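Q: no FASTA, just this:
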């Protein structure tokens, strides 16, 4: 794997590319989109393992950090959804430039899946396939979920039980800062605003504890996308305190993602 910096000086981004050996390169590039905050920490190892396996099979795989996250420049509060969409488009262009791939797949978990779908609009050569693992399609519900996770983490740290009214998020979610613009943008997410006409093939993966949003499926189908809704036999909670202390590498999800990334085109 090769780490590198890219993007303009005022918005330097960090990426890691996992290139295939020249003898096995199959002309397909795979770009991974991070979720938000603690969820990104949890899926980091899974992404790395999946990138390594894909490279062994001839794919050019790349991970990257949005501005204000991970190893990229900026602070937590600098992150905003519109800026991250531009970061994603820039990462895609960088991956195509480095790999010279003729086909591409975008893979995103949770908010990363939402960003992947939204970034299709405005990308000159968008992905041929989207693989979305439980993408966020209801902004207010997601903010409520984050608020519950944040309140539970604070209660656990203070040695008390979680009870009473859970306050709305103000400037932080489970240890990661959130600016006002990001909070407003997250609240505005809905199924109709995610799908665009550039989406061709879409796989929406759900685990045993979640259901695929039917409104999101209809939204993708309404723009002509071929949609699959595979499931993985794995149940887990993204935001429990126990979950936050573990790297997420469930074998059923790993295999399901690999299958959707490498499988034949959708009928």
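A: Sure, I can see it. Keep in mind it's a predicted model, so treat the numbers as computed, not measured. Numbers count the residues shown, from 1 in each chain.
Q: where's residue 77 relative to residue 216, distance?
A: Computed as CB to CB, to the nearest Å, the residue 77 to residue 216 distance reads 29 Å. Every C-beta, even on glycine, is put in place using the N, C-alpha and C of the backbone.
Q: swap in residue 169?
A: Taking CB to CB as the measure, residue 169 and residue 216 are separated by 23 Å.
Q: Looking at those two, which is more packed in?
A: Set residue 169 next to residue 216 and count neighbours by other CB atoms under 10 Å: residue 216 wins out with 26 against 20.
Q: so the more buried one, which of the three states?
A: helix (DSSP: H, G, I helix; E, B strand; the rest coil).
Q: and it, what does it touch?
A: Shown in contact with residue 216 (CB atoms under 8 Å, 6 or more residues apart in numbering): 135, 137, 191, 194-195, 204.
Q: Just put those residues in JSON lines and tack on secondary structure and distance to residue 234.
A: Below are these laid out as JSON lines (DSSP: H, G, I helix; E, B strand; the rest coil; distance: CB to CB, whole Å):
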{"residue": "135", "secondary structure": "coil", "distance to residue 234": "17"}
{"residue": "137", "secondary structure": "coil", "distance to residue 234": "20"}
{"residue": "191", "secondary structure": "helix", "distance to residue 234": "24"}
{"residue": "194", "secondary structure": "coil", "distance to residue 234": "24"}
{"residue": "195", "secondary structure": "coil", "distance to residue 234": "26"}
{"residue": "204", "secondary structure": "strand", "distance to residue 234": "16"}
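Q: What subset of those residues is buried?
A: 135, 137, 191, 194-195, 204 (16 or more other CB atoms under 10 Å).
Q: Just the closest of those residues to residue 116, please.
A: The closest of those to residue 116 turns out to be residue 135 (CB to CB; 7.8 Å).
Q: these two touch, right, that closest one and residue 204?
A: Yes. Contact criterion CB atoms under 8 Å: residue 135 and residue 204 qualify, at 6.7 Å.
Q: Check the contact lists of those two and give me the overlap.
A: With CB under 8 Å, 6+ apart, residue 135 and residue 204 have common neighbours 113, 216.
Q: can you list the contacts of residue 216 in a markdown table and add pLDDT and distance to residue 259?
A: Below are the contacts of residue 216 laid out as a markdown table (pLDDT from 0 to 100; distance: CB to CB, whole Å):
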| residue | pLDDT | distance to residue 259 |
| --- | --- | --- |
| 135 | 97 | 18 |
| 137 | 96 | 23 |
| 191 | 94 | 25 |
| 194 | 95 | 23 |
| 195 | 94 | 23 |
| 204 | 97 | 14 |
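Q: and which of the residues you listed is nearest to residue 17?
A: Closest approach to residue 17 among those (CB to CB): residue 135, at 24.1 Å.
Q: what sits against that closest one?
A: Contacts of residue 135 by CB under 8 Å, 6+ apart are 108, 110-114, 116-117, 194, 204, 216.
Q: Try it again at 10 Å.
A: 33, 35, 108-118, 189, 191, 194, 202, 204-206, 212-213, 216 (CB atoms under 10 Å, 6 or more residues apart in numbering).
Q: Now residue 168: closest residue in space that isn't a chain neighbour?
A: The shortest distance from residue 168 to any non-neighbouring residue, by CB to CB, 6 or more residues apart in numbering, is to residue 147 (5.8 Å).
Q: Residue 187 is in contact with the one you found, correct?
A: No. Residue 147 sits out of contact with residue 187 when judged by CB atoms under 10 Å, with a separation of 11.7 Å.
Q: between these two, what contacts are shared?
A: Contact criterion CB under 10 Å, 6+ apart; residues shared by residue 147 and residue 187: 168-169.
Q: Which one of these two is surrounded by more residues?
A: Using other CB under 10 Å, the more surrounded residue of residue 147 and residue 187 is residue 147, with 18 against 14.
Q: After the one helix or strand the more buried one maps to, which helix or strand is next?
A: Using DSSP states H and E, residue 147 falls within helix 139-158. Per DSSP H and E, the first helix or strand lying C-terminal to helix 139-158 is strand 172-173.
Q: which residues touch the helix or strand just after that following strand?
A: Heading C-terminal from strand 172-173, the first helix or strand you meet, by DSSP H and E, is strand 176-177. Strand 176-177 is contacted from outside by 36-41, 68-69, 75-79, 146, 150, 171, using CB under 10 Å, 6+ apart.
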